[in-house]
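Colleague: Mind folding the following:
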Amino acid sequence: MPEQIPVYVIALLKVDDMEALRTNYAAPLQEINARHGVEVLIATPRIEAIEGKVKENAIAILRFPSQASLDAWYSDPDYVPLINVRKDATDASISRLLALTPPDTNA
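Modeller: Residues are numbered from 1 along each chain as shown. Below you'll find the predicted structure:
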C-alpha cells in the first residue's frame, strides 16, 4: 500500500470578535477534526511580523493525513454550516500545501 502524503492547511484570519469565533466555530470544530485525523499544529491570535506587515490577527496551521482526509473534512455535514460561521466572523485566506514526499517514519 502506498504511503499517504500529508496535506497542510494554513488559515490567515482577520477576526473582529475572537471570543465569538472560539465559541461558535473553534469549539464545535474539535470533534470534527478528531473524526478526520486533523492535527492542529498551531492556532493562535499571536502573530508578530519578522518582515513586512501582518494584516491578520489569527493563524491556524492544520495537518491532514491525506488529500482524501481534507476533502472528507471540508464536506463533512457537521463542518459545512461552520464555513458560513467562519466567513461571517472573519476575513480569511485559506491555502492548501501539499508535502512533496511522505514523512520520514524512520526518524
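Colleague: what's downstream of the helix or strand containing Ala20, the next helix or strand?
Modeller: Using DSSP states H and E, Ala20 sits in helix 18-21. Following helix 18-21 in sequence order, the next helix or strand is helix 27-35 (DSSP H and E).
Colleague: need the helices for the chain, in chain order.
Modeller: 18-21, 27-35, 67-74, 80-89 (DSSP state H).
Colleague: Figure out which of those helices is closest to Glu48.
Modeller: helix 18-21 (16.6 Å; C-beta to C-beta). Every C-beta, even on glycine, is put in place using the N, C-alpha and C of the backbone.
Colleague: list the helices and strands that closest one packs on?
Modeller: helix 80-89 (3 or more C-beta pairs under 8 Å, 6 or more residues apart in numbering; DSSP states H and E).
Colleague: Pull out the C-alpha coordinates of the helix or strand bottoming out on mean pLDDT in the chain and format them as CSV.
Modeller: Scoring the helices and strands of the chain by mean pLDDT, DSSP states H and E places helix 18-21 at the bottom, with a mean of 90. Presented in CSV, the C-alpha positions along helix 18-21 are these (Å, rounded to 0.1, in the frame of the first residue of the first chain):
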residue,chain,number,x,y,z
MET,A,18,-12.3,36.4,18.7
GLU,A,19,-14.5,35.1,21.5
ALA,A,20,-17.4,34.5,19.2
LEU,A,21,-15.2,32.7,16.8
